[in-house]
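> Sequence first, predicted coordinates after that:
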Amino acid sequence: MNNRKILVFVPLLVFILLGVFLWVGLYLDPRELPSELAKNKRPVPQFSLPSVTDPERTLTEADLNGEVALLNVWATWCPTCKEEHDFLNMLALEQGVTIYGVNYKDDPAKAREWLRRYKDPYRAVVLDQNGSLGLDLGVYGAPETYVLDAAGRIRYRHVGAVDADVWQTLQQVMASVDQESTQ
């Protein structure tokens, strides 16, 4: 008889726990995707991949060091990447922002044609054809943009297109990172 009384409370307990779980979920930002690399200021994962623009050249994480920069993950199959591309060109070509690219799970010929047709805002573009670097970065999909410090550590991650509003945040992070490195 005592077991029956206890069994009556099990569904109630499950209902309460589910309610608490859902209640907490209401206050989470669905656009925020945590990045352990950024949270812990970890370096860009090691890689050795070809350049999109010069397939004979191999790029490594060391090629991303030296100054505060953006690392932009993009692909020709990504419509949102096309939306942000003009803005990235403006940042790189008019404002002098250093941007490195990771061409993610894409056809290299299409990527080269894209950069020829729409201009190339990148100082260097890594071809991550099988997605291994993207996996190591924790990429959910393109586009994603990371702020790198001069030592190549990831300091911030933005998922989605870079536009004027996002640029304000990225610019603040980059200025803060730059200021830290001069102290």
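Done, it's in. Residues are numbered from 1 along each chain as shown.

> what are the ranges of the strands in this structure?
48-50, 58-60, 69-74, 99-104, 124-128, 144-148, 154-159 (DSSP state E).

> Now these in TSV, please, with extra columns for distance to residue 115.
C-beta: built from backbone N, CA, C; applies to glycine. Formatted as TSV, the strands of the chain follow (distance: least, Cβ to Cβ, whole Å):
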stretch	distance to residue 115
strand 48-50	14
strand 58-60	15
strand 69-74	10
strand 99-104	9
strand 124-128	7
strand 144-148	17
strand 154-159	21
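
> By mean pLDDT, which helix or strand of this protein comes out lowest?
helix 36-39 (a mean of 57; mean pLDDT, DSSP states H and E).

> Residue 73 is in contact with residue 99, correct?
No - counting by Cβ atoms under 8 Å, residue 73 is not a contact partner of residue 99; they are 11.3 Å apart.

> Once you drop chain neighbours, what's closest to the most centrally placed residue in the chain?
For the chain, the residue nearest the mean C-alpha position is residue 144 (3.3 Å; Cα atoms, centre = their mean). Distance criterion Cβ to Cβ, 6 or more residues apart in numbering; nearest residue to residue 144, sequence neighbours excluded, is residue 73 at 4.4 Å.

> Distance of that neighbour relative to residue 152?
As judged by Cβ to Cβ, to the nearest Å, residue 73 and residue 152 stand 16 Å apart.

> contacting residues for the closest residue to residue 71 other than its chain neighbours?
In this structure, residue 71 finds its nearest non-sequential neighbour in residue 146, 4.3 Å apart by Cβ to Cβ, 6+ apart. Going by Cβ atoms under 8 Å, 6 or more residues apart in numbering, residue 146 touches 37-38, 44, 70-73, 137, 154-158.
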